[in-house]
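Q: Mind looking at a prediction? Sequence and model below.
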Amino acid sequence: MFFSEDSSTLAACLLDANLEQLDLSWQWFEGADMRRARLVGANLWGAHLGGADLRGADLSNAHLKGAWLRGALLHGADLTTADLSETNLSKARFDWKTRWPIGVDPVARGAQLDPDDD
């Protein structure tokens, strides 16, 4: 794991990391670079992912109950079958490629759809 200084906080670089099935509950990942990370089935209960770059990450079947995703980048992320109950999605950004669990309306939860770059 690498750390880089970002706006006076330390942000982890977990680019392409395989974190499947790990217990990462209550961990702090604010501003972390987690692009394309594999978090399938990971326990992220109560984790702080505010402003994290999760573009292209696989969070399918992840446990995100009570997690903080405020301002996270979720473009192309796979959140199918993820537990998003009590998850803060305000100001999180996503695109049409982002996959959400059935019944989750990200806009109603405060997330923002970015227009296509095409």
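A: That came through fine. Numbers count the residues shown, from 1 in each chain.
Q: any idea which helix or strand of this structure has the worst average confidence?
A: Scoring the helices and strands of the chain by mean pLDDT, DSSP states H and E places strand 2-6 at the bottom, with a mean of 42.
Q: Could you pull up the residues touching D58?
A: Applying CB atoms under 8 Å, 6 or more residues apart in numbering, we find D58 in contact with 36-40, 77-78. The way it works is simple: take the backbone N, C-alpha and C, and place the C-beta from them, glycine included.
Q: got it, and D23?
A: Counting by CB under 8 Å, 6+ apart, the residues that D23 touches are 42-43.
Q: first to last residue in stretch 42-58, what's the distance?
A: 10 Å (CA to CA, to the nearest Å).
Q: how close does the residue nearest to W45 when sequence neighbours are not counted sit to V40?
A: In space, and not counting its chain neighbours, W45 is closest to S25: 4.3 Å by CB to CB, 6 or more residues apart in numbering. Using CB to CB, to the nearest Å, we find S25 at a distance of 16 Å from V40.
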